[in-house]
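In: test case, fold it:
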Amino acid sequence: MTEQPADRHVAAVPAPDLRRARRALVLVGVVAPVVVTAIATGLILAWLPELPNPAATHWGVNGVNRFGAPNTYLWLAIGIGLGLPLLLVLSTLAIARRQWGGAARLLGAMALGLSGFSAVINAGSVAIQRGIQDAAQVGGIGGIVILGFVVLLVLGAAGWFLQPHVHPTPAAPLKPVHLASISAGERVVWMATATMSRVAMIIIGMAVLLVVGLTAVMVVQASEAAWIPVLTLLIIGLAFASSASFRVKAGPDGLSVRSQIGVPRTNVPLDEIVSVRAVECHPFGEFGGFGWRLGLDGRTGIVLRTGPAIEVERRDRRPLVVTVDGAEVGAAVLQAYLDRAGRPAPQSTTEGDAS
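Out: Next comes the predicted model:
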């Protein structure tokens, strides 16, 4: 097997363009949210002495249904307006080290939009309570919520256009591995396990911890609504379990990919394969993330880590990309069967496991 140079990547971005994109992400996703959040917290601090104590902190269909300390808004403005953008930007910088794409640009725009949304919601909620003696007398906040979403969209669009559209430079595919022809009566099967990268698992773990914390808070403060984060936690847990590891098999029946828990799964029969090759794949740059994804170029990806992948062009369907160690060997097995297509069916079975 010929190893691919470590600095070669599919959709690699030229170094000057990458530096420019990363700088723009920091400016849009961190610096601008700092300014927006600073303005919101400054207004909140100035207005806090005019608020009732306790202040209204949550609204339902029928108006205010929860109260708390006025300075709650200060921590919400900082936590949401700055904490979430920092999480989005730092995660993007950690993942997209030598790659870039629309997903990174979108996350930067979302960071700016979320900071604006937080500023409007929190500062607006404080503003409508100024000078009121009893927080129960506060009216609804429907108008503030609508304004918050408008600001989110406007700032998000601005954040998108303020970042450069970098053009990746596709690298060469991995050099193929050639197998001796598979004769009649032989059966060669290649199997391997594809597992999620450590970075992806850390990010998902952080999301799970965030939901767990939210669940605990809601169980204590609002047990009637605790089912929402509990359900979210279950969905995230199932999604993680179903996409953390896949079993990949290449042989006379084609290519099959199955989650370790059984679902999801996909099979590409040999007679549906037009061509196969091994490529170097970067999930974030090419598919916008990890897991079972759909790329902007129309390819379907089961992409769990940066590295080698089997790319199968399917007849009348989207190409399929599966990241897995030893992809060169798996692609070579499929190619050997494609070369033998039309010969008599195998009579005996001998299996080889390249996992």
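In: now do the SS call for residue 76.
Out: Secondary structure state of residue 76, per DSSP: H, G, I helix; E, B strand; the rest coil, is helix.
In: equivalent analysis for the one 4 residues further on, please.
Out: With three-state DSSP as the basis, the three-state label of residue 80 is helix.
In: next one: the one 10 residues further on
Out: With three-state DSSP as the basis, the three-state label of residue 90 is helix.
In: show me what the helix or strand harbouring residue 107 is packed up against.
Out: When elements are assigned from DSSP states H and E, residue 107 belongs to helix 102-127. Packed against helix 102-127 by the contact rule (3 or more C-beta pairs under 8 Å, 6 or more residues apart in numbering; DSSP states H and E) you find helix 15-26, helix 32-47, strand 55-60, helix 72-78, helix 84-95, helix 142-162, helix 283-287. From N, CA and C alone the C-beta is placed, and that goes for glycine too.
In: so which of the ones you listed is the most surrounded?
Out: helix 283-287 (a mean of 26; mean count of other C-beta atoms under 10 Å).
In: same for that one, what does it pack against?
Out: Using 3+ C-beta pairs under 8 Å, 6+ apart, helix 283-287 sits against helix 102-127, strand 291-294, strand 300-303, strand 320-323.
In: looking at the ones you listed, which is nearest to residue 205?
Out: strand 291-294 (14.5 Å; C-beta to C-beta).
In: quick one: strands adjacent to that closest one?
Out: strand 300-303 (antiparallel) (DSSP bridges).
In: just the CA trace of the partner strand, in CSV.
Out: Provided in CSV are the C-alpha atoms of strand 300-303 (Å, rounded to 0.1, in the frame of the first residue of the first chain):
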residue,chain,number,x,y,z
THR,A,300,-23.8,11.5,0.3
GLY,A,301,-21.2,11.1,3.1
ILE,A,302,-20.9,8.8,6.1
VAL,A,303,-18.0,10.8,7.3
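In: what's next to it, contact-wise?
Out: 194, 246, 257, 266, 281, 283, 286-287, 290-295, 309, 318-323 (C-beta atoms under 8 Å, 6 or more residues apart in numbering).
In: excluding its backbone neighbours, what's nearest residue 295?
Out: residue 287 (4.7 Å; C-beta to C-beta, 6 or more residues apart in numbering).
In: look up how far residue 311 lies from that neighbour.
Out: 12 Å (C-beta to C-beta, to the nearest Å).
In: return every residue with contacts to both of those two.
Out: 299, 321.
In: among the helices and strands packed on helix 102-127, which is nearest residue 275?
Out: That would be helix 283-287 among the helices and strands packed on helix 102-127, by C-beta to C-beta, at 18.4 Å.
In: and that closest one, average pLDDT?
Out: Averaging pLDDT along helix 283-287 yields 76.
In: heads up, I number from 35, so please use that
Out: All right, first residue 35 from here; so that's helix 317-321.
In: burial of the closest residue to residue 118 other than its chain neighbours, as a residue count?
Out: The spatial neighbour of residue 118 that comes closest, neighbours along the chain excluded (C-beta to C-beta, 6+ apart), is residue 148 at 5.2 Å. For residue 148, the count of nearby residues is 24 (other C-beta atoms under 10 Å).
In: ok, now how distant is residue 148 from residue 57?
Out: 20 Å.
In: helices and strands of the protein: which one has the lowest mean pLDDT?
Out: helix 232-255 (a mean of 66; mean pLDDT, DSSP states H and E).
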